[in-house]
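[1] 3D, please:
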Amino acid sequence: MSILFSPYSLSGLMLRNRVVMAPMTRARALNDIPDDLTVLYYGQRASAGLIVSEGVPVSIQGRGYLFNPGLYNQEQVEGWKRVTKAVHEEDGKIFAQLWHVGRVSHTTLQPDGGAPVSSSNKVAANSMAYAYDEKHEPTPIQASPPRALTTEEIADVKNDFVQAARRAVEAGFDGVEIHGANGYLFEQFINPTVNDRKDHYGGSIQNRIRLLLETIDAVTKEIGRAKVGVRISPFGRLFDMASFDDEAETWVEVAREIQKRDIAYVHLSDQLTIGAEGMPDGFAKSFRETYQGTLIAAGGFDRESAEGALISGELDLIAFGRPFIANPDLVERMKNGWPLATPDRSTFYGNSGEKGYVDYPVYQPNE
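    Predicted coordinates for the structure are as follows:
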């Protein structure tokens, strides 16, 4: 059997294959609550060994995009219960990706029209939220100037993640993935070109990674280490993340600290495939030498490159993103060598009903 389609024990959770459906924002849920189409969308793709949900805001403050189903009220919990039930009925497994966008937001999405929050008051230049314009029409719009969280408010953010994790378990998720990647809140603390704080969340490497680690610790205390993963994007440049002097050292230190915590997995997001810089040559090897737990990566894999990464021991699970959009039966297509459908980019985001969301057919080999 191909190693890609072999079972894998994820901290005791048995996955039927090593294919992960990567988290993908689709902006399809009116009122930020999972609906019938959300249920169908995830159920269609449950042949993946593990699904990581789209980013799930942990609070209203954490939102940066309209129509994303959250986990900050009971209606959302009830909606997600239907999603997890549909996935489990197909023998699938699903983690909720817990998300706070930080400064990549807009005042029209924030409580009482306030400013988004971040590690500092530095604006994310050329960075778009999906919010309301002056006519109250949904549209991509430049992120608003943020304000720096106070030291006391940081405790509230961590508690939002804890409460969202508790709700995720109540909703039937098999675990949660803390979204520490792609220029959102945790990276805004980790990156010193954004973080100019003078308290114990700014300055040194240990201070800048403190929020991520304390959040991991708080969530694992609430739901257990085996149910917690984390996604990071070392050397990521999305949303105005600039390079900095001790960048490699910072991410290796993150690896070292996560290794101590024995959580379910680390999920690396390599932004090369979305037009940004990728991780430098040799970095993945140094990260792997430091962090020896379950490692997932997303970054333009096909079946052949996925097999190679698994056989070499570089990775344990392989995440596929866009191929899952147009191929709900992606696992079966790769396993059988069937052709892959091409997704319609114009329907990636936004509330356009079934089109480009749940209307992609499974492959019929006899047609």
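[2] can you pull out the strands in the stretch 1-150 of the chain?
    Taking DSSP state E, counting those that start in this stretch as the test, the strands found in the stretch 1-150 of the chain are 8-10, 13-15, 19-21, 50-57, 94-99, 117-118, 128-132, 138-142, 147-148.
[3] In a markdown table, list those along with distance to residue 167 and mean pLDDT.
    Backbone N, C-alpha and C define where each C-beta goes, glycine included. Below are the strands of the stretch 1-150 of the chain laid out as a markdown table (distance: least, C-beta to C-beta, whole Å; pLDDT from 0 to 100):
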| stretch | distance to residue 167 | mean pLDDT |
| --- | --- | --- |
| strand 8-10 | 21 | 97 |
| strand 13-15 | 19 | 98 |
| strand 19-21 | 21 | 98 |
| strand 50-57 | 9 | 97 |
| strand 94-99 | 9 | 98 |
| strand 117-118 | 21 | 98 |
| strand 128-132 | 23 | 94 |
| strand 138-142 | 26 | 94 |
| strand 147-148 | 27 | 98 |
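[4] what about those, which gets the closest to residue 319?
    Each of the strands of the stretch 1-150 of the chain has some distance to residue 319 by C-beta to C-beta; the shortest is strand 19-21, at 4.1 Å.
[5] how about residue 173, secondary structure?
    Per DSSP: H, G, I helix; E, B strand; the rest coil, the secondary structure class of residue 173 is coil.
[6] dump the residue contacts of residue 248.
    234, 280, 283, 286 (C-beta atoms under 8 Å, 6 or more residues apart in numbering).
[7] ok, back up a step: among the strands of the stretch 1-150 of the chain, which comes closest to residue 229?
    Across the strands of the stretch 1-150 of the chain, residue 229 has its closest neighbour in strand 94-99 (6.3 Å, C-beta to C-beta).
[8] Which other helices and strands does that closest one contact?
    With contacts taken as 3 or more C-beta pairs under 8 Å, 6 or more residues apart in numbering; DSSP states H and E, strand 94-99 sits against strand 50-57, helix 74-89, helix 151-170, strand 175-179.
[9] Determine how far it lies from the middle of the whole chain.
    Distance of strand 94-99 from the chain centroid (C-alpha atoms, centre = their mean, to the nearest Å) equals 7 Å.
[10] send the alpha carbons of that strand over as PDB?
    Below are the C-alpha coordinates for strand 94-99, written out as PDB (Å, rounded to 0.1, in the frame of the first residue of the first chain):
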ATOM      1  CA  ILE A  94     -12.000  16.900  12.000                       C
ATOM      2  CA  PHE A  95     -10.100  19.600  14.000                       C
ATOM      3  CA  ALA A  96     -11.400  23.200  14.400                       C
ATOM      4  CA  GLN A  97      -8.800  25.800  13.500                       C
ATOM      5  CA  LEU A  98      -9.000  28.500  16.200                       C
ATOM      6  CA  TRP A  99      -8.400  31.900  14.800                       C
END
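[11] tell me the angle of it relative to strand 50-57?
    30 degrees (axes from the mean of the first three to the mean of the last three C-alpha atoms, to 10 degrees).
[12] For residue 187, give me its contacts.
    With C-beta under 8 Å, 6+ apart, residue 187 has these contacts: 180-181, 194, 233, 236, 241.
[13] Surely it is within a helix?
    Yes: looking at residue 187 with three-state DSSP, it is inside a helix.
[14] neighbours of residue 156, just the number please.
    13 (other C-beta atoms under 10 Å).
[15] Let's see the distance spanning stretch 120-138 from one end to the other.
    Terminal residues of stretch 120-138 are spaced 27 Å apart (C-alpha to C-alpha, to the nearest Å).
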